[in-house]
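Asker: Got a predicted model here, sequence first, then my questions.
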Amino acid sequence: MKEKTGTRQGVRNRANEIKSFQCKNLIAVLENPTDVKNIGTVIRNVNAMGVEKIYVVDPRKSFPDDWQELRENRTISKTSVSAVKWTFVKRFDSTEECLAHLEKNGFKSIVTSPHVKGKASVFLHEGDYTIHHKLAVWFGSEATGISDVAVEKSELCVSIPMFGMIESLNLGTSSGIVLYEVTKQRRDYQSHYRHRGRRGERSTPLPTEILPQG
């Protein structure tokens, strides 16, 4: 009889089943989110897509530093469908602090925005997200978008193509779409090189189409 996921043994079995599908060295970063419900939704996306960690840049100190306290937050737990219990979450006081932490640990950053932000820019499906061994994907505030500081320190600006009268998506939806593409590519890459017994950073240049400014 199949073990139920809710039991301790079921949880252990599920963890073993998904282990090889997790995207190592991939972090989602939420910069200055303003809606707690959206944070829960993004945490759910992060966990479902197999992203290793999520960082939250929270200058207003709206969320606790202690992970256990965050896990017990009813709003976040409800909107994340309890995914916060299984997801590594770390908060930072500022964008600069988060960037410094990422750079110290060898991570490269890319930002997401519906508009070109003065960087090399690609539509989501045109990017190659396997080039950097350690990658952080930034999502901006619902109100103001990604900051100039994050853009300046990023390698690339990624946008989701829009074909309707509305040219933006909410944070929960956009993060799910972007992380699906990023994790799909990285899982394929990890699987390919795991079978060949190879690991490490790619050295090939990033194939990007530079979009016109303005």
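Answerer: It's in. Numbers count the residues shown, from 1 in each chain.
Asker: From Phe63, how far out is Leu102?
Answerer: Using C-beta to C-beta, to the nearest Å, we find Leu102 at a distance of 19 Å from Phe63. All C-beta spots, glycine's among them, are computed from the backbone N, C-alpha and C.
Asker: Settle it for me: which of those two has more neighbours?
Answerer: Leu102 (21 against 17; other C-beta atoms under 10 Å).
Asker: where's that one, which helix or strand?
Answerer: Taking DSSP states H and E as the criterion, Leu102 maps to helix 95-104.
Asker: what's the answer for Tyr180, then?
Answerer: Taking DSSP H and E as the definition, Tyr180 sits inside helix 171-195.
Asker: And Val149, by the same measure?
Answerer: With DSSP H and E as the criterion, Val149 is inside helix 148-152.
Asker: Partner strands of the next helix or strand after that helix and their direction?
Answerer: With elements assigned by DSSP H and E, the helix or strand that comes after helix 148-152 is strand 156-159. When pairing is defined by DSSP bridges, strand 156-159 lines up against strand 108-112 (parallel), strand 121-123 (parallel).
Asker: Point out the most buried one among those.
Answerer: Greatest average neighbour count among the strands paired with strand 156-159 goes to strand 108-112 (a mean of 23), per mean count of other C-beta atoms under 10 Å.
Asker: Keeping just the C-alphas, turn it into CSV.
Answerer: Extracted in CSV, the C-alpha atoms of strand 108-112 (Å, rounded to 0.1, in the frame of the first residue of the first chain):
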residue,chain,number,x,y,z
LYS,A,108,25.0,36.0,-10.4
SER,A,109,21.7,37.9,-10.5
ILE,A,110,19.1,38.4,-13.2
VAL,A,111,16.1,40.7,-12.8
THR,A,112,12.6,40.4,-14.1
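Asker: average model confidence for it?
Answerer: Averaged across strand 108-112, the pLDDT comes to 97.
Asker: what does stretch 145-165 give?
Answerer: Average pLDDT, stretch 145-165: 92.
Asker: Could you list the buried residues of it?
Answerer: Using 16 or more other C-beta atoms under 10 Å as the test for burial, stretch 145-165 gives 145-147, 150-151, 153-160.
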